[in-house]
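Q: This is a predicted model, with the sequence first.
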Amino acid sequence: QLAESGGGLVQAGESLRLSCAYSGFTFDGGVIGWFRQAPGKEREGVSAMTGSDGRTYYADSAKGRFTISRDTAKNTVSLQMNNLKPEDTGIYYCAMATYGFLDPDLYPYWGQGTQVTVSS
């Protein structure tokens with residue numbers, strides 16, 4: 001299971017920290033990614049981390065502003081989002097796969113999502 005938390009309404013330039021709590025599987029053998037879906041748009045990859053070695057991947061839109069991290073003791077993967085922009089608005093999902101990086105089609109397991117709204 002995957003469960004996101006931490007979404008909310010913020011103004012442009014502010015920050016949010018999303019958390020993804022996972023259970024029922026071992027992260028070490030896979031990858032956990034963060035995705036978002038804005039109204040009327042396709043789901044897109046934002047960031048991902050491999051469980052075996054902690055390698056991280058970011059979409060161009062996230063580089064320099066977002067940071068993905070893990071807390072092994074708490075079984076969570078977090079996404080720190082700084083300098084948020086209105087175009088970051090959407091439902092943010094975490095997902096798990098054996099491989100997949102930023103391609104949502106390769107992720108079979110998904111959380112329910114958390115809403116992020118950035119006002120201008």
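A: Okay, I see it.
Q: can we go C-alpha only for contacts and neighbour counts from here?
A: Fine.
Q: Leaving aside the residues adjacent along the chain, what's closest to the residue minimising distance to the centre of the chain?
A: With distances taken as C-alpha atoms, centre = their mean, the residue of the chain nearest its centroid is Trp34 (2.3 Å). In space, and not counting its chain neighbours, Trp34 is closest to Cys94: 4.5 Å by C-alpha to C-alpha, 6 or more residues apart in numbering.
Q: Give me the sheet partners of the helix or strand harbouring the one you found and which way each runs.
A: Under the criterion of DSSP states H and E, Cys94 resides in strand 90-97. Applying DSSP bridges to the sheet, strand 90-97 is found paired with strand 31-37 (antiparallel), strand 109-110 (antiparallel), strand 114-119 (antiparallel).
Q: of the ones you listed, which approaches Glu4 most closely?
A: Minimum separation from Glu4 across those (C-alpha to C-alpha) falls at strand 114-119, 6.0 Å.
Q: Touching the closest one from outside, list them.
A: Identification of contacts with strand 114-119 by C-alpha atoms under 8 Å, 6 or more residues apart in numbering yields 4-12, 84-93.
Q: The residues you listed, buried ones only, as a PyMOL selection?
A: Remark: buried members of the contacts of strand 114-119, expressed as a PyMOL selection using 16 or more other C-alpha atoms under 10 Å:
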select buried, resi 4+5+6+7+10+12+84+85+88+89+90+91+92+93
